[in-house]
Structure formats: structure tokens, C-alpha cells
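K.L.:
what's the 3D shape of this:
(one chain, ligands or ions: 1)
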Amino acid sequence: MDYQNRPQRQLFDCTELNLTCTECGTAIKELPFEPTKRDDGTYGRIYCQECNRARRKDFGGNRGGFGGGGGQRGRY
Ligand SMILES: [Zn+2]
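P.N.:
Predicted coordinates for the structure are as follows:
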């Protein structure tokens, strides 16, 4: 409801985890979420900001999810 009041996004400092982007291999120093270690000792797939953005764009692409303007199912 209060979109305008959303809290500042917290970035987790993960420099000491030596994470690299799954996609491009860039070293990741900050994440918008806290990385959690899995059973296999990795942090799963983690992407740098740029790849994350690119991926999100892909996801939101033709689904008409975010302000899609598809209009196939009406307004809502
Ligand atoms: Zn990347």
C-alpha cells in the first residue's frame, strides 16, 4: 500500500565471501539480500547487479506482468 514509503534498500557487504557472478564472473561485493549458504557449501546462483537487471528484464518481458499493457485479462 505505501509504495512511497518503502525503506531504503539495504545492501549486504559480501566482499569477504568472494562471490562471483554466475553469469559473467564479476566479483560481487554487495547484494540486496543476505546470501545464505546451502548444504553443498555454495551460495547458489548469485548474479551481479547488471546481470540481475538483465535477467529481470527477461522475466518481465512478454508476460505483461509489470505495467505490461497487454490487457488480455482486463485491468487486474
Ligand atoms: Zn554478472
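
K.L.:
hey, let's count contacts and neighbours off CA atoms from now on
P.N.:
Will do.

K.L.:
So residue 15 is in contact with residue 35, correct?
P.N.:
No. If you go by Cα atoms under 8 Å, residue 15 and residue 35 don't touch, sitting 11.6 Å apart.

K.L.:
okay, these two: which has more neighbours?
P.N.:
residue 35 (18 against 13; other Cα atoms under 10 Å).

K.L.:
quick one: contacts for that one?
P.N.:
Taking Cα atoms under 8 Å, 6 or more residues apart in numbering, we find residue 35 in contact with residue 43.

K.L.:
Please apply the same query to residue 11.
P.N.:
Counting by Cα under 8 Å, 6+ apart, residue 11 touches 30, 31, 32, 33.

K.L.:
For the closest residue to it other than its chain neighbours, give its distance to residue 46.
P.N.:
Of all residues not flanking residue 11 in the chain, residue 32 sits nearest, at 4.6 Å (Cα to Cα, 6 or more residues apart in numbering). The gap separating residue 32 from residue 46 is 11 Å, by Cα to Cα, to the nearest Å.

K.L.:
List the residue ranges of this structure that fall below the pLDDT cut-off.
P.N.:
Along the chain, the model assigns pLDDT under 70 to residues 1-3, 6-7, 60-76.

K.L.:
if we can go back for a sec, let's see which of the contacts of residue 11 end up in strands.
P.N.:
30, 31 (DSSP state E).

K.L.:
and the contacts of residue 11, which are buried?
P.N.:
Neighbour-count burial (16 or more other Cα atoms under 10 Å) is assigned, among the contacts of residue 11, to 30, 31.

K.L.:
who touches residue 27 in this structure?
P.N.:
By Cα under 8 Å, 6+ apart, the contact set of residue 27 is 18, 19, 20, 21, 48.

K.L.:
So residue 52 lies in a strand, does it not?
P.N.:
No. Using DSSP: H, G, I helix; E, B strand; the rest coil, the secondary structure at residue 52 is helix, not a strand.

K.L.:
burial count for it?
P.N.:
Using other Cα under 10 Å: residue 52 sits among 14 other residues.
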